[in-house]
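>>> got a structure for you, letters missing:
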Ligand SMILES: Nc1ncnc2c1ncn2[C@@H]1O[C@H](COP(=O)(O)OP(=O)(O)OP(=O)(O)O)[C@@H](O)[C@H]1O
Ligand SMILES: [Mg+2]
C-alpha cells in the first residue's frame, strides 16, 4: 500500500529525468567498457571488422606481451611505474598543500597588493601549456633540475585552477569558525590543518582527481626535461611504446593492455574521491 | 580572577569617518555578569571583539586580570566566546568540539575527558556527545557551544547574542540556564544583546550603548528606575515610557509641569532637583512609565490636579495586564490597566499620573534632571 502511494507520487517529469540521465550515463560509460574489454581481447578479435565492443574469448595475452617486451628493455617496467607513482604522489601532496595555503591567505586575510596577486594568478590561467614550454624548459635547466624528480614536480606546483577553486571554497567558511578556533588556542598553522584543510575536503578531492589525471598521463616533463631513461614515467613509456609499434601486429596488443593500465589508476582515484566531492560539509555547523 | 578594565577605548574602522566605539571607559569586577545592550550598530559586537582580541584597539588600554592585553593574541587572553551562529566545527562531533580547545592547549587526556563529561552533564547533553553539529537542533548546538566555552575554564566568557537564533520559548529556557550556569561557575561574563528584556533579566550590571558611546552603566533596577537620559528611558522598558513635552511653571508657590493641554503639580522632592543649579526650565520632557499612570473609574470626583483627559484609541491585551493607548490632543499615552477592564475603544477617560514616579529630562541635552531617587508625592 505504502509502495503504491510512493509510486503514485512520482511525476512524469521525474521518470523522464531519471531515464534521460541513466541513458546519458550509460553512453558516457561506453569508452570505459571498451577500454576494459579491449585489453582482454585475443589478437584475432582486435583486428575484427567491424570492431566488437565485448570480448568473446578473454585472455591475458596482451599483458603478457607488454610485460615481456618491457622486460627486454634496458629500463624495467617497474622503474617507470615507480617513477609515475612517486611523482604523482609528491605532486598531489604538494599541489594540495601550496594551493590550500595560498587560497587560505587570499580568501581570509588582507594584505598589501592582494588584488594584484589575485590578478596575476588569474592571468596565468589564460596561458595554454604549450606557450610556456620554452620558459619552463629554461627554468628547469637553469635550476639544474633535469633528470630529477623535482623537474617532474615543479611545473605542476603552481596550479591556478586549484587555487581559484579553493579560494571560492574557503571564502565560504564562516569567519566565526576561524575566530572560534583562534580563541580555542590555535596558531595559524593549526587553524590551517585543523579547520581549513578538513573543511575544504570536497574541493581538495576535486583537485586531487584532476591533478592526478594531469600528472599521471603527462608525457611533457619526461620528454622535455628527462634525458635519462630511468627518470621517465609510465605514461611516457606507454606512449613511446604505442607510437613506436604502431604498425606492428603485436603493438596493438600491447597498446590495448597499456591503455588499461594507464587508465585504471585514474578510475580508482575518481572512485576514491567522488564520495567526498559530493559531501558538502561546510554549512552544517552554522545555523 | 577575571576583572576587566577598559581605559578610554576607541575603535575606528578603516575607511569609516566615525569611530564605532568612542571612549569606552569601564571596570568590570570579577564574577560579574555584564550585559552590553543597545540598538543595532551601536558598537556592542565591536567592543566584545576588541575584548576578545579579534579586532585591534585603535586607542585606549585594555586590562584583563590586571594584565595589559592590547597586543595579546586571542589565544593568550584566556577567554572563551559563544557566537550567535554557534560556530561549531562541522567536521567534529560534539565531544570533539568541546575537547579541541583543551587539546590545543595540551591538556592531559583524562583531564579533557573529565572536564567535557562534567560540562556535558551540567548542560544535559551527555547523550549527544557523539553527534555531529548538523545532527543537532538549534538549542542543542547552543548547549554544545556553551559547553565548549565552559570546559576551558577561562577567566572571562564572552557571548555575542547567543540566543537570537532560537525561538521564543527556547530562548527563555536557555536564558534561565545561562543565569543558572553563571550562578554555579561564577566566571566573569560579558554578554551582548539588543534585546532589553534579556538584558534586564540576565545582567548584574547593564551597559546601554548608542552610537558607540556608553549612555549609562547600572544594575537593572536602577536602569529602570533612574534612567540617565531620554535614550535609556525610552530604550529600557516595554511598552515604552511615555514622554510629554512642556515647561516648569510656578504658581502659588507650587511647581507645575505644564503645556497647552495640562498642568501637573511636580512632587516636592522633584521640585528641589529641578530648581537646583539654574537650569533651563522652558524645555522639559517629562517621562512616565505606563504602570505609573492609572485610568480613573468613571464618576470619580474630578478635583484631582494630577490628571490628564483623553480618548482610548486601542487596547492591547497581554493576559494578566492590558495596555490602553490613550490619545490626549496630539499626545499619545500608554497606561497599564487590569486585563478585565470594561474599557472600550473610543471611551473618554481620565488618567491619574503618579507624579512621584515621574522623570524629568532636559529636552536639548536629553539628560535626566534628577539627582535623587523616587520621591513620595
Ligand atoms: N569590519 C568592519 N568594518 C567597518 N565598519 C564596521 C565593521 N564592523 C562593524 N562596523 C561598523 O561599526 C559599527 C558598530 O558595529 P557593531 O557590529 O559593533 O554593532 P552591534 O552593536 O554589534 O550591532 P548588532 O546589534 O546589529 O550586532 C556599525 O556602524 C558598523 O557598520
Ligand atoms: Mg553585533
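That came through fine. Values in this document were obtained by computation on a predicted structure and should not be read as measured data. Numbers count the residues shown, from 1 in each chain, chains lettered A, B, ... in the order given. Ligands and ions are numbered 1, 2, ... in the order given.
>>> need the strands for chain A, in chain order.
Here chain A has no strands by DSSP state E.
>>> and the residue of the stretch 101-250 of chain A found nearest ligand 1, how many residues sit next to it?
For the stretch 101-250 of chain A, the residue positioned closest to ligand 1 under C-beta to the nearest ligand atom is residue A:175, at a distance of 10.0 Å. Any C-beta I mention is one placed from the backbone N, CA and C, and that applies to glycine too. By the criterion of other C-beta atoms under 10 Å in any protein chain shown, residue A:175 has 12 neighbours.
>>> Check residue B:275 too.
Residue B:275: 15 neighbours (other C-beta under 10 Å).
>>> Quick check: pLDDT value at the closest residue in space to it that isn't next to it in sequence.
Distances taken as C-beta to C-beta, 6 or more residues apart in numbering or on different chains put residue B:255 closest to residue B:275, at 7.6 Å, once the chain neighbours are dropped. Listed pLDDT for residue B:255 reads 87.
>>> Dig out what residue B:255 forms beta bridges with.
Beta-bridge partners recorded for residue B:255 (DSSP bridges): residue B:250.
>>> Enumerate every residue touching it.
Residues near residue B:255 by C-beta atoms under 8 Å, 6 or more residues apart in numbering or on different chains: B:248, B:249, B:265, B:266, B:271, B:274, B:275.
>>> Just give the nearest non-adjacent residue to the residue of the stretch 101-250 of chain A closest to ligand 1, would you?
Nearest in space to residue A:175, with sequence neighbours left out and distances taken as C-beta to C-beta, 6+ apart, is residue A:108 at 7.4 Å.
>>> any idea how far the one you found lies from residue B:259?
Counting by C-beta to C-beta, to the nearest Å, the gap from residue A:108 to residue B:259 is 58 Å.
>>> For chain B, which residues score under the pLDDT cut-off?
Low-confidence segments of chain B, defined by pLDDT under 70: B:1, B:277-279, B:301-302, B:371-377.
>>> For the residue sitting furthest away from the middle of it, give its distance to chain A.
The centre of chain B is farthest from one residue, residue B:252, which by C-alpha atoms, centre = their mean lies 41.8 Å away. Using C-beta to the nearest C-beta, to the nearest Å, residue B:252 is found at 65 Å from chain A.
>>> Please tell me how far that residue sits from residue A:196.
Applying C-beta to C-beta, the value for residue B:252 to residue A:196 is 78 Å.
>>> Let me see the ranges of the helices in chain B.
B:44-52, B:94-104, B:109-123, B:138-151, B:168-185, B:196-202, B:220-225, B:230-235, B:268-275 (DSSP state H).
>>> and the ones you listed as CSV, adding distance to ligand 1?
Shown next, in CSV, are the helices of chain B (distance: least, C-beta to the nearest ligand atom, whole Å):
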stretch, distance to ligand 1
helix B:44-52, 3
helix B:94-104, 24
helix B:109-123, 25
helix B:138-151, 17
helix B:168-185, 16
helix B:196-202, 12
helix B:220-225, 18
helix B:230-235, 13
helix B:268-275, 33
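>>> Need the ones you listed in a markdown table (columns: distance to residue A:13).
Below are the helices of chain B laid out as a markdown table (distance: least, C-beta to C-beta, whole Å):
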| stretch | distance to residue A:13 |
| --- | --- |
| helix B:44-52 | 47 |
| helix B:94-104 | 41 |
| helix B:109-123 | 47 |
| helix B:138-151 | 35 |
| helix B:168-185 | 39 |
| helix B:196-202 | 48 |
| helix B:220-225 | 59 |
| helix B:230-235 | 54 |
| helix B:268-275 | 75 |
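>>> Residue A:153: which of those is closest?
For these, proximity to residue A:153 was assessed by C-beta to C-beta; helix B:94-104 is nearest, at 32.5 Å.
>>> Got the domain ranges for the chain?
No chain specified, so I'll use chain A. For chain A, the domain assignment from automatic domain parsing gives the residue ranges A:2-39, A:74-283.
>>> To clarify, I was referring to chain B.
Split by automatic domain parsing, chain B gives B:4-230, B:239-362.
>>> what's the span of the shortest one, first residue to last?
In this case it means domain B:239-362. By C-alpha to C-alpha, to the nearest Å, the extent of domain B:239-362 from end to end equals 22 Å.
>>> what does the first one give?
Across domain B:4-230, the terminal residues are separated by 28 Å (C-alpha to C-alpha).
>>> picking that back up, run a quick neighbour tally on the residue nearest to residue A:175.
Residues near residue A:108, counting by other C-beta under 10 Å: 15.
>>> pLDDT score for it?
For residue A:108, the predicted pLDDT is 94.
>>> what's the spacing between it and chain B?
13 Å.
>>> Run through the residues that contact that residue.
For residue A:108, counting by C-beta under 8 Å, 6+ apart, the contacting residues are A:170, A:171, A:173, A:175, A:178.
>>> who touches the last one in this structure?
Put plainly, it is residue A:178. Counting by C-beta under 8 Å, 6+ apart, residue A:178 makes contact with A:108, A:191, A:195.
>>> Among the residues you listed, name the ones in helices.
Reading helices off the contacts of residue A:178 with DSSP H, I get residue A:108.
>>> Also within reach of ligand 1: list those from the contacts of residue A:178.
Among these, none lies close to ligand 1 by the criterion of C-beta under 6 Å from any ligand atom.
>>> on that earlier part again, ok, now how distant is the residue farthest from the centre of chain B from residue A:133?
Counting by C-beta to C-beta - residue B:252 and residue A:133 are separated by 105 Å.
>>> What of residue A:252?
31 Å.
>>> the more surrounded of the two?
Set residue A:252 next to residue A:133 and count neighbours by other C-beta under 10 Å: residue A:252 wins out with 20 against 13.
>>> looking at it, that one is touching residue A:45, isn't it?
No - at 10.6 Å, residue A:252 does not count as touching residue A:45 under the criterion of C-beta atoms under 8 Å.
>>> got a list of what residue B:123 touches?
B:143, B:144, B:146, B:147, B:150, B:177, B:181.
>>> Kindly report the same for residue B:312.
Residue B:312 touches B:324, B:325, B:326, B:343, B:344, B:345, B:346, B:347, B:349, counting by C-beta under 8 Å, 6+ apart.
>>> returning to what we had before: highest average neighbour count across the domains of chain A?
Counting by mean count of other C-beta atoms under 10 Å in any protein chain shown, domain A:74-283 has the highest mean neighbour count of those, with a mean of 17.
>>> how much space between the residue lying closest to residue B:296 once chain neighbours are set aside and ligand 1?
Once flanking residues are discounted, residue B:296 sits nearest to residue B:350: 4.7 Å by C-beta to C-beta, 6+ apart. Per C-beta to the nearest ligand atom, to the nearest Å, residue B:350 is found 41 Å from ligand 1.
>>> okay, now residue B:350: neighbour count?
For residue B:350, the count of nearby residues is 17 (other C-beta under 10 Å).
>>> on that earlier part again, please indicate which of the domains of chain B has the most neighbours on average?
Of all those, domain B:4-230 has the most neighbours on average by mean count of other C-beta under 10 Å, namely a mean of 19.
>>> Report the contact partners of residue 210.
By default, I'm working from chain A. Counting by C-beta under 8 Å, 6+ apart, residue A:210 touches residue A:161.
>>> The intended chain is chain B.
Contacts of residue B:210 by C-beta under 8 Å, 6+ apart are B:38, B:39, B:42, B:231, B:235.
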